[in-house]
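Participant: Any chance you could fold what I've pasted below:
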Amino acid sequence: MAILLKCPACREKFKYDVTDGWPDTCPICKTDINNRRADDDVIMPNIFSAKSKNNDKVARDIMDGSEKRVDLAAAMAGTSREDMAGLKITNLNDRNDTQWSAPEEHNAVTQRMAEMQARGMPTGFGVAEAQSFAAQSHTGSEPYAGLRARNRVQAALPPIGQAPLPKQITENPNYRSPI
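Facilitator: Okay, here's the model as predicted:
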């Protein structure tokens, strides 16, 4: 009986008749894939947690949902599915040597940051820089100017709504006690 096997080295699938036993080598890459082990070997299974599965599931769901969005966009625009093919996400990594399914971003910003790091220049904020910026925001001729401006704008605008207070809720004639 032939079954479909997947080589652990090249990750290619191949059919193999297992009535003759497990294959010694992959017929594609010729790597030794035999399953001979001593009886006293301790084998640790690969146990996936919900945390490790869910990280990748988000990207996979986005990719699967993009196919539906292509169909919806084509129907809304009155065009063919091929015209909207650019909306489909197809560049997720399926390889085991990558940390995430989503591809890494390579653009002018990431290239510039890599150049700066190679020269020993800082990129992004460290704790010390963030603390110094926070301390400087409350000093000078107008400390807390942004906070005061926000409060003035909010006071000038009509209130959107206010949640009723507990006494107002219980005095409402339509109120029903949950007990």
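
Participant: Quick one: neighbours of Gly146, just the number.
Facilitator: 10 (other Cβ atoms under 10 Å). C-beta coordinates here come from the backbone N, C-alpha and C atoms, glycine included.

Participant: which secondary structure element contains it?
Facilitator: helix 145-156 (DSSP states H and E).

Participant: So which bits of that helix are buried?
Facilitator: Buried residues in helix 145-156, counting neighbours by 16 or more other Cβ atoms under 10 Å, are absent.

Participant: could you give the mean pLDDT of that helix?
Facilitator: Mean pLDDT, computed over helix 145-156, is 88.

Participant: do the same with stretch 80-87
Facilitator: On average, stretch 80-87 scores 89.

Participant: can you give me the strands in this protein?
Facilitator: Here the chain has its strands, by DSSP state E, at 2-6, 13-17.

Participant: Any buried residues in the first one, and which?
Facilitator: With burial defined by 16+ other Cβ under 10 Å, the residues of strand 2-6 counted as buried are Leu5.

Participant: could I get it in PDB with only the CA atoms?
Facilitator: The C-alpha coordinates for strand 2-6 follow below in PDB (Å, rounded to 0.1, in the frame of the first residue of the first chain):
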ATOM      1  CA  ALA A   2       1.500   3.300  -1.100                       C
ATOM      2  CA  ILE A   3       1.200   6.300   1.200                       C
ATOM      3  CA  LEU A   4       2.300   9.900   0.900                       C
ATOM      4  CA  LEU A   5       5.400  10.700   3.000                       C
ATOM      5  CA  LYS A   6       7.200  14.000   3.600                       C
END
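
Participant: Which helix or strand in the protein has the lowest average pLDDT?
Facilitator: Every helix and strand of the chain was ranked by mean pLDDT, DSSP states H and E. The lowest is helix 166-171, at a mean of 72.

Participant: Break this protein down into its structural domains.
Facilitator: 1-36, 54-116 (automatic domain parsing).

Participant: Now distance to Ala128 too, for those domains, in a markdown table please.
Facilitator: Below are these laid out as a markdown table (distance: least, Cβ to Cβ, whole Å):
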| stretch | distance to Ala128 |
| --- | --- |
| domain 1-36 | 45 |
| domain 54-116 | 18 |
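
Participant: quick one: low-confidence parts of this structure?
Facilitator: 44-48, 52, 55, 94-98, 101, 162-166, 168 (pLDDT under 70).
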